[in-house]
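Q: any chance you could fold what I've pasted below:
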Amino acid sequence: MTSRHAYLPTRLALSDEQRGGNPFDQLACLAPADAIILRHYEMPTRERAELAQALRLASRSIGVRLLIAGDRQLAHHVKADGLHLPRWLLKQGRVWRCGMKPGFMITAAAHNETELLAAGRANVDAALLSPVFPTESHPGTKILGPVRFAALASRCHVPVYALGGATPASMQRLANVENLAGWAAISGTKGTSR
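A: As a prediction, the model looks like this:
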């Protein structure tokens, strides 16, 4: 699958410190048309900055874009390609585009129509809508399913990524969804290759 939005990556990998995922292992599964979002929120500030800098160098060497989640200053410090807004930042209602360099990509987490509307008001480039399918990271969580996901994505004013149980096989069920930018995954990048 290639993003219908040429300026956006096709696939996003999200780091997850709690599940023991190594962002460098995730990076090794990505292609130049992809991006990685460094979350690792629980990591001490200095260690997170060091990880972000190392990941910036590694991602740049293979042409993968790096977005930093939840920390605009760190994103600028490491010269990341963008910023990811978790729900708690999206709720601040800011227009995050102000003062950003050209080409700086901003994504936002969304789980419902209200959050998708907030993402549009925040002037982000894309929203990550989840959970679409059953996922290992949130077992038992109520999923959107492909029909609800398609309905929400079609009404959204920004391109939408499918997150939650998104794999190459499950994405076939979303192939005709309007406004679909691509897919995002924590563990779904494992086992895929460039």
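Q: tell me where the model's unsure across the protein.
A: Along the chain, segments meeting pLDDT under 70 span 1-5, 20-21, 93-95, 97, 99, 138, 188-194.
Q: and the longest helix for it?
A: The single longest helix within the chain, with elements called by DSSP state H, is helix 45-62.
Q: which parts of that one are buried?
A: Within helix 45-62, the residues that qualify as buried are 48, 49, 51, 52, 55, 56, 58, 59, counting by 16 or more other CB atoms under 10 Å. Every residue, glycine included, has its C-beta placed from N, CA and C.
Q: for it, packing partners?
A: Applying 3 or more CB pairs under 8 Å, 6 or more residues apart in numbering; DSSP states H and E, one finds that helix 45-62 contacts helix 23-28, strand 35-38, strand 65-69, helix 72-77.
Q: to residue 8, which of those lies closest?
A: Among the helices and strands packed on helix 45-62, the nearest to residue 8 by CB to CB is strand 35-38 (8.5 Å).
Q: quick one, strands of this protein?
A: In the chain, the strands defined using DSSP state E lie at 11-14, 35-38, 65-69, 82-85, 105-110, 126-129, 160-163, 180-185.
Q: for residue 169, which of those strands is the nearest?
A: strand 180-185 (11.0 Å).
Q: which strands or helices does that closest one pack on?
A: Judged by 3+ CB pairs under 8 Å, 6+ apart, strand 180-185 is in contact with strand 11-14, strand 160-163.
Q: circling back: out of the strands of the chain, which is closest to residue 23?
A: Closest to residue 23 of the strands of the chain, according to CB to CB: strand 35-38, at 6.1 Å.
Q: beta partners of the residue nearest to the spatial centre of the chain?
A: The residue lying closest to the centre of the chain (CA atoms, centre = their mean) is residue 12, at 5.1 Å. Following DSSP bridges, residue 12 is listed with bridge partners residue 35, residue 184.
Q: check contacts around it.
A: Applying CB atoms under 8 Å, 6 or more residues apart in numbering to residue 12 gives the contacts 34-37, 67, 107, 128, 161, 163, 182-185.
Q: so of those residues, which two are at opposite extremes in space?
A: 67 and 183 (15.2 Å).
Q: just to revisit the earlier point, tabulate the strands of the chain (TSV), appending distance to residue 153.
A: Converted to TSV, those look like this (distance: least, CB to CB, whole Å):
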stretch	distance to residue 153
strand 11-14	15
strand 35-38	19
strand 65-69	20
strand 82-85	18
strand 105-110	10
strand 126-129	7
strand 160-163	4
strand 180-185	6
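Q: which of the ones you listed sits closest to residue 91?
A: Nearest to residue 91, of all these, is strand 82-85, at 9.3 Å by CB to CB.
Q: show me what that closest one is packed against.
A: Where contact means 3+ CB pairs under 8 Å, 6+ apart, strand 82-85 is packed against strand 65-69, helix 72-77, strand 105-110.
Q: just the CA atoms of that strand, as CSV, please.
A: Taking C-alpha atoms only, strand 82-85 is exported to CSV below (Å, rounded to 0.1, in the frame of the first residue of the first chain):
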residue,chain,number,x,y,z
GLY,A,82,8.0,16.1,13.0
LEU,A,83,6.0,16.0,16.1
HIS,A,84,3.3,13.6,17.3
LEU,A,85,0.6,14.9,19.6
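Q: thanks again, I'm all set now.
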